[in-house]
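Participant: this one's sequence-less:
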């Protein structure tokens, strides 16, 4: 275990698989104590076990992070186990069905917005008092290429990730004088276990299809994790309010 984050506590949401798992392992490898938050209790436990077997410290909290009670449990557990919260990584998220706005159902809209945007808001609000008391903290949100353009996903997902970008920038402005930094990564295509249920005959998927020729190489979760860890590190001490594309140049096309 390296010592760059030695003694610091990190919350990673969606940490049981994909980008979240890679991020939790990367922080632990640098000495951080990690709270693994996820909906999947078995997979979250496996990540904790992997960290502990490598000599690190971790704890899991499972539940739906769009529910206030689960958010409260995550924040409370981190403080009880680790004393404070130094880093928060709001990574958990779900995809939509690539639906055009006219085809988005109320349940699809409400669930995507709740998980992708409201949950990061709730958890950030819960940990902010602890960061403010400490006079420092780093928040890294997982946005998306869909937070930078209108041609990368459906209406609900695109709106949610644009919201994450706005939330990140607002945090950066509002709390920079209190020692808190907020940044986000904007992943392009990444090899994760997320399955997108798409009706190829629907208007949204048919319209979006041609744009994916500019996707670029598919990233590995570890590549996204490396960017997240960097933004949370002291090496990025003067980076605040940045949205960092990790997309093999897709955002530059």
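Facilitator: Great, that's in hand. This is a predicted model, so every value here is computed, not measured.
Participant: Next, the buried residues of stretch 172-190.
Facilitator: 172, 175, 180-190 (16 or more other CB atoms under 10 Å). C-betas here are computed from N, CA, C, even on glycine.
Participant: again but with stretch 159-166, I slipped
Facilitator: Residues 159, 160, 161, 162, 163, 164, 165 are the ones in stretch 159-166 that count as buried (16+ other CB under 10 Å).
Participant: Let me know the closest of those residues to residue 86.
Facilitator: Nearest to residue 86 among the buried residues of stretch 159-166 is residue 164, at 20.9 Å by CB to CB.
Participant: The closest one: helix or strand, and which one exactly?
Facilitator: helix 155-175 (DSSP states H and E).
Participant: average model confidence for that helix?
Facilitator: Throughout helix 155-175, pLDDT has a mean value of 98.
Participant: which secondary element of this protein has the worst mean pLDDT?
Facilitator: helix 203-208 (a mean of 78; mean pLDDT, DSSP states H and E).
Participant: Can you name every helix or strand that the helix or strand following that helix contacts?
Facilitator: Going down the chain from helix 203-208, the next helix or strand is helix 221-232, by DSSP H and E. Packing contacts for helix 221-232, counted by 3 or more CB pairs under 8 Å, 6 or more residues apart in numbering; DSSP states H and E, involve helix 18-29, strand 87-90, strand 137-142, strand 180-187, strand 243-246.
Participant: just these: most buried one?
Facilitator: Among the helices and strands packed on helix 221-232, strand 87-90 has the highest mean neighbour count (mean count of other CB atoms under 10 Å), at a mean of 29.
Participant: Direction included, what does that strand pair against?
Facilitator: strand 9-13 (parallel), strand 137-142 (parallel) (DSSP bridges).
Participant: Pipe the ones you listed into CSV and attach mean pLDDT and distance to residue 233 per row.
Facilitator: Output for those, formatted as CSV (pLDDT from 0 to 100; distance: least, CB to CB, whole Å):
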stretch, mean pLDDT, distance to residue 233
strand 9-13, 98, 11
strand 137-142, 98, 8
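Participant: Throw those into CSV and include distance to residue 154, thanks.
Facilitator: Formatted as CSV, the strands paired with strand 87-90 follow (distance: least, CB to CB, whole Å):
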stretch, distance to residue 154
strand 9-13, 22
strand 137-142, 18
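Participant: right, and these - which one's nearest residue 122?
Facilitator: strand 9-13 (10.7 Å).
Participant: Paired strands for whatever helix or strand residue 58 lives in, with orientation please.
Facilitator: According to DSSP H and E, residue 58 maps onto strand 57-62. Paired neighbours of strand 57-62 in the sheet (DSSP bridges): strand 33-38 (parallel).
Participant: residues making contact with the strand it pairs with?
Facilitator: 7-17, 20, 24, 27-28, 44, 47-48, 51, 56-62, 65, 74, 77-78, 81-82, 92 (CB atoms under 8 Å, 6 or more residues apart in numbering).
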